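Q: Based on what follows, work out the 3D shape:
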Amino acid sequence: QVHLVESGGGSVQAGGSLRLSCAASGRYVMGWFRQAPGKEREFVASISWTGGRSAYEDSVKGRFTISRDNIKNTSYLQMNSLKPEDTAVYYCAAAADTTTMAVTTNPAEYDYWGQGTQVTVSS
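A: Okay, here's the model as predicted:
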């Protein structure tokens with residue numbers, strides 16, 4: 001069983017920045033999802049095992065950046081220009097299949113999930 005450890009959530013004003021971290025040892029495609037109150041969990045970003053490919057949900061393109069440091073076994077989600085609509089619980093996820101896919105937006109293809117970290121953006 002892989003244990004994903006998230007950190008970096010908090011409360012910021014609109015326009016501010018936060019960086020989320022997710023520690024996970026092993027060879028995985030990494031992803032970030034979020035779930036706002038009363039809404040379904042949605043894809044935010046994904047990054048390949050090598051870090052050479054990434055994918056983003058349209059509303060975060062140009063504001064969020066996903067990255068990883070495989071020496072530190074950590075992936076990151078840098079969130080800039082935050083908006084109140086970014087308020088949600090953010091989850092990191094790891095997909096073990098790195099041979100047939102580089103990135104994936106499909107939550108069903110992720111095998112392991114973190115406990116979630118709250119991000120609150122005030123206007």
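Q: residues contacting residue 78?
A: Shown in contact with residue 78 (Cβ atoms under 8 Å, 6 or more residues apart in numbering): 17, 19, 64-67. Heads up, the C-betas are built off the backbone N, CA and C, glycines and all.
Q: Oops, could you answer that again for residue 1 instead?
A: So residue 1 contacts residue 112 (Cβ under 8 Å, 6+ apart).
Q: Tell me the confidence at it?
A: Here the pLDDT value assigned to residue 1 is 74.
Q: buried set for stretch 2-22?
A: 4, 6, 8-9, 12, 18, 20-22 (16 or more other Cβ atoms under 10 Å).
Q: that older thread, ok, the contacts of residue 78 vs residue 90, which is closest?
A: Closest approach to residue 90 among the contacts of residue 78 (Cβ to Cβ): residue 64, at 10.4 Å.
Q: burial measure for that closest one, as a count.
A: 20 (other Cβ atoms under 10 Å).
Q: got the phi/psi numbers for the nearest residue to it once chain neighbours are set aside?
A: Among residues not flanking residue 64 along the chain, residue 79 sits closest, at 5.1 Å (Cβ to Cβ, 6 or more residues apart in numbering). For residue 79, the backbone dihedrals (degrees, to the nearest 10) come out as phi -120, psi 110.
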